[in-house]
Structure formats: structure tokens, C-alpha cells
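*Asks:* Please find the sequence and the predicted model below.
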Amino acid sequence: MFQYVEDLATKIGPRGSTTRAERAAAKYVAEKLQAAADDVEVQSFRSVPTFSWAYGIYYFLMVVSALLIFRWPVAAGVLALLNTIAYVLESHTFEVLTRILPKNKSQNVIARKGNRAAGEGRLPRIILTAHYDTSRSGLNFHPKLVKGFRRAFLLMNFCIAVILLMALAAAAATLTGLELPAFYPYLVLPFALYLFITVLLLADRELRGVHVPGGNDNASGVAVMLDSFIRLAGNLPPGAEVWAVATGAEEAGTVGMLRFLEQYGDDIRDDYIINLDNLGIGHLKYIVAEGLFRAFPANRELVLAAAACARQNSHLDIGPHVYKALTTDATPALVRGYKAMSIMAFADDGTLPNWHWPTDTAEAVDPENLNAAGILVRSIAEQIWTREAKNLSPGA
């Protein structure tokens, strides 16, 4: 598996969303899947190249709302309310600003193996997903600062909430003829300043940051996906089917997964999605819940299967974890009610090693981590198929 990591992170190198290198990686993944799959499809779509501009606009508009309180409080309240609604939707993987911002070409690679004839005996599909694009570096991802990433995100949301409430209060006071104290608009300025600093950090990320090699994030996940697909495809039980879905533009806002669900969502509603992300370093975890604002619980059957594998392989250091730092490709699936779960690996302090930083190279990836993750994936798939086959058997 480590050869896949080296090929992606070193030979192809940084694979920014919608870039030529991302397309080269898609071609590489498709070639590796071809030998084991019944068919391989490249699903083309258009995507924003980054999440920075959309979220920068959301934060900047809250700053504008704060300033509008001084002279046009009603406009401040309307703008703050509409912007907050759009921001919350976007953070829950429902596109708002990202639908209208400029886009470039990206693609998913979808491979299938199996023979699920119509009628009885059909087992649920196991769908393995992993994104192959890489992120830009940024000051908020600096190794000395990244541990506070979640706290910074919560503070940003607190600032948005304060500005929203104060703008709405100012608008209500104006509409009802009440007079607010002269100092009232000034109270919101510290919160607006924090958001403005965040805007500057996002702009700096786009202007000075570099696309990272992505050995851990996420050549490691792609490597486990490729190996697991090939192994499972070579030993499928009757009525089973396995898919591999390598998503593009995940780092731009899980866009590849959103396009995959739009096209295939109705067909895979009863199937199981195992998402593989950042598996190359640290303690292997099955993610029992994930999300930015609230943690959406992973599918119970997948969690139970992962826990059973952990008990049977205590030497592999596998355990549960709740992930709330950013979205993964499993997040939009969970938000929309699909049966999904992520598998990831974390450092001792709970962070993702070398996350979105130039040190995320192939050399930093531990091959033993990849092997352990592969064992976990195959165990989960086999348990799901075995259980479903028993349920389908006569007299079960």
C-alpha cells in the first residue's frame, strides 16, 4: 500500500482541488482500479477550488453587518440574519455561496465490482470512499496552532452569534421607535475585529499558502481504499458488490461527495459507506459521530462492526472517536441520512498529524497504520455481508 502513497504524494505531488495535478491523480487511481473492477467511471463536475473565499465572504459580511448598526440598523439585522442562515447551511454541506462562485473542473473516480442480480439474495453494497485532492497550507494550520483549531472555530461562531443578536436587537429597536444608548454599536466591534482577522487569515492562505503533498491527507486513505477494494473484489460473497469512490474537491468543501450523492443517492440509500481519511499516522479510530456544529452519529451497524474488529484485534490500537474539527466526505452522507462512517487516525493530542502543512509527506506515513486500517475495513465489510446473508437465508 505504501507504494500508492509514494506515487500520489511524491511522484504526482501536491494535488490541489480542480488543478491539473488533481486530474493526474484521478487518472492514476482509475488505472489502479481498472484491473480489479467490472467497470470504472470518471464522473466529471465543476467545483470551487477552495472553501476559503466562501467562508471569507460569510465572515466579512458579518463584519459589514456590525458596522451597519451605526447608521442603518434595520439593514444590519436583515443582512446578519440572511448571512447567518446561509453560513449555517454551508457549514452543514448545503451549498449556498459555493453555488455561485467561480468554478473549475474536477472529477470523481467510481469503480464497481460484483454481480447483484435482481430479486432475492442481494446483499448491501459496501462503498469505500477517499478523497485524493490536497489542501493549501495556512497559518491556522501551523503545527503550533492547529491544536486550537476547534476552539478558534467555536469563537468565530460565538462572534457571529453576538453580531446577529445585536444587529437584530438594533433593528427591532429602530422599528419600534426605541432609542438605544449611543455606545451600543461600539459593543459589537471586538467581535467584528476577530472575524476580520479571520478573513485576513483566509486571504493569506489563498495568496501565500501552498498545496501540500498530502501523504497522510489523503494519499493514505486512497491507498487503503485501493488495497481494500482489490482484496474485497477478489473474494466477494454471492450477491455482494463493492464500490470504490475516489472523490475530487473534498478540500474545497466535500464537493465530490455531494456530486456523487446527487447522481447515485437514490440507488445507494440502503448501502454502507466507509470513508477513509488521514490514516497514515497515529492512533486508528472509527468515528462514531462527526460534524462542525453538531456531531451526526455514524451508522450503528458500521460502528458495531468496527468495535467488534477492535476487540478481536486488540494489538492494532483501534478505538472510537468523535470528530468535530472539519467535515469529511462522510459528513454530507450522514447529514442526508445515509449509512456512513469515517475511519481516521490521530496523534496523542487528538490532532491530525501534519494536517494541511508542507510536512505532510509520504515519508511521514507509517505503513503499519495502513495495514491496520485495511484489516479494519475488510473486517467491517465481511461482518456486514455475513450478517445480511444470515438475514436473507430461509428460516433466519
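*Replies:* Okay, I see it. Numbers count the residues shown, from 1 in each chain.
*Asks:* low pLDDT regions in the stretch 51-200 of the chain?
*Replies:* Low-confidence segments of the stretch 51-200 of the chain, defined by pLDDT under 70: 116-121.
*Asks:* hmm, 90 instead?
*Replies:* Applying pLDDT under 90 to the stretch 51-200 of the chain picks out residues 115-122, 140, 144-145.
*Asks:* quick one, strands of this protein?
*Replies:* Applying DSSP state E to the chain gives strands spanning 39-47, 104-114, 126-131, 241-247, 272-276, 283-290, 296-297, 318-323, 339-346.
*Asks:* and the ones you listed as CSV, adding mean neighbour count and distance to Ser91?
*Replies:* No exception for glycine: its C-beta is placed from N, CA and C like everyone else's. Shown next, in CSV, are these (neighbours: other CB atoms under 10 Å; distance: least, CB to CB, whole Å):
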stretch, mean neighbour count, distance to Ser91
strand 39-47, 17, 17
strand 104-114, 22, 21
strand 126-131, 28, 18
strand 241-247, 26, 19
strand 272-276, 27, 18
strand 283-290, 22, 13
strand 296-297, 17, 12
strand 318-323, 18, 15
strand 339-346, 26, 17
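*Asks:* residue ranges with poor pLDDT in the stretch 201-350 of the chain?
*Replies:* Answering for the stretch 201-350 of the chain: no residues sit below the bar, that is pLDDT under 90.
*Asks:* re earlier: which among the strands of the chain is found nearest to Pro73?
*Replies:* With distances scored as CB to CB, the stretch of those nearest to Pro73 is strand 296-297 (36.2 Å).
*Asks:* Can you list the strands that the closest one pairs with?
*Replies:* Sheet pairing of strand 296-297 (DSSP bridges) gives strand 283-290 (antiparallel).
*Asks:* and the strand it pairs with with strand 339-346, angle?
*Replies:* Here the directions of strand 283-290 and strand 339-346 differ by 140 degrees (axes from the mean of the first three to the mean of the last three CA atoms, to 10 degrees).
*Asks:* hang on, the earlier thing: could you export the strands of the chain as TSV, including distance to Glu262?
*Replies:* TSV is the format used below for these (distance: least, CB to CB, whole Å):
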stretch	distance to Glu262
strand 39-47	9
strand 104-114	11
strand 126-131	15
strand 241-247	13
strand 272-276	15
strand 283-290	21
strand 296-297	19
strand 318-323	24
strand 339-346	16
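*Asks:* now for these, which one comes closest to Leu145?
*Replies:* Nearest of the strands of the chain (CB to CB): strand 339-346, 17.0 Å.
*Asks:* Just checking the distance from that closest one to the centre of its chain.
*Replies:* In this view, strand 339-346 has its centroid 10 Å away from the chain centroid, taken as CA atoms, centre = their mean, to the nearest Å.
*Asks:* relative to strand 318-323, how tilted is it?
*Replies:* Calculated by the same axes, to 10 degrees, strand 339-346 forms an angle of 100 degrees with strand 318-323.
*Asks:* Can I get strand 339-346 in CSV? Just the C-alpha atoms.
*Replies:* Extracted in CSV, the C-alpha atoms of strand 339-346 (Å, rounded to 0.1, in the frame of the first residue of the first chain):
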residue,chain,number,x,y,z
LYS,A,339,-25.4,4.8,6.4
ALA,A,340,-21.9,6.1,6.7
MET,A,341,-18.8,6.1,9.0
SER,A,342,-15.3,7.5,8.7
ILE,A,343,-12.1,5.8,9.7
MET,A,344,-9.2,8.2,10.7
ALA,A,345,-6.0,8.3,12.8
PHE,A,346,-5.0,10.9,15.3
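*Asks:* Sheet partners, orientation included, of that strand?
*Replies:* strand 272-276 (parallel), strand 283-290 (antiparallel).
*Asks:* from the middle of its chain, how far away would the longest one be?
*Replies:* Averaging C-alpha positions (CA atoms, centre = their mean) puts strand 283-290 13 Å from its chain's average.
*Asks:* ditto for stretch 80-89
*Replies:* 21 Å.
*Asks:* Return the residues in contact with the residue most central in space within the chain.
*Replies:* Residue closest to the average C-alpha location in the chain (CA atoms, centre = their mean): Thr328, at 1.6 Å. Counting by CB atoms under 8 Å, 6 or more residues apart in numbering, Thr328 touches Glu250, Thr254, Asn275, Asp277, Ile287, Glu290, Ser342, Met344.
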